[in-house]
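Asks: Provided below for reference: sequence and predicted model.
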Amino acid sequence: MITVRNHLVKNELVENIKTSKIEQENSFFSKKELSDIHIVSEKIRVVDKDIFVVLMPQKDTLYMNQDFHDKNKFWVHYKKYEILKLTAPVGYILKN
């Protein structure tokens, strides 16, 4: 059930990324990178630093955490569907 939910959220998020202006501070992710979200059901360990990306004009926010083991992997959380930051991420993206 969680995987189905994550696919639905991912599809909505990718559509919003494609149609939005991206505002980023201290990060440089392309729309292509942000849109290539991989859905997995593995336990994550992350570096304790949040990276925020705002999708304009809706002001939807996604935040990412760098994976503890793979420095090119970033776990994506979509604030629109989160109550607590401790909830599971939608999936991950790879930074080229």
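Replies: Great, that's in hand.

Asks: just give me the residue right at the centre of the protein.
Replies: V76 (2.2 Å; C-alpha atoms, centre = their mean).

Asks: quick one: the helix or strand where it lies to chain centroid distance?
Replies: V76 belongs to strand 73-78 when assigned by DSSP states H and E. Taking C-alpha atoms, centre = their mean, to the nearest Å, one finds strand 73-78 lying 3 Å from the centre of the chain it belongs to.

Asks: show me what counts as buried in the helix or strand that it is followed by.
Replies: Following strand 73-78 in sequence order, the next helix or strand is strand 91-94 (DSSP H and E). Going by neighbour count (16 or more other C-beta atoms under 10 Å), the buried part of strand 91-94 is 91-93. Yep, even glycine has a C-beta here, placed from its N, CA and C like the rest.

Asks: what's strand 91-94 packed up against?
Replies: Applying 3 or more C-beta pairs under 8 Å, 6 or more residues apart in numbering; DSSP states H and E, one finds that strand 91-94 contacts helix 31-35, strand 73-78.
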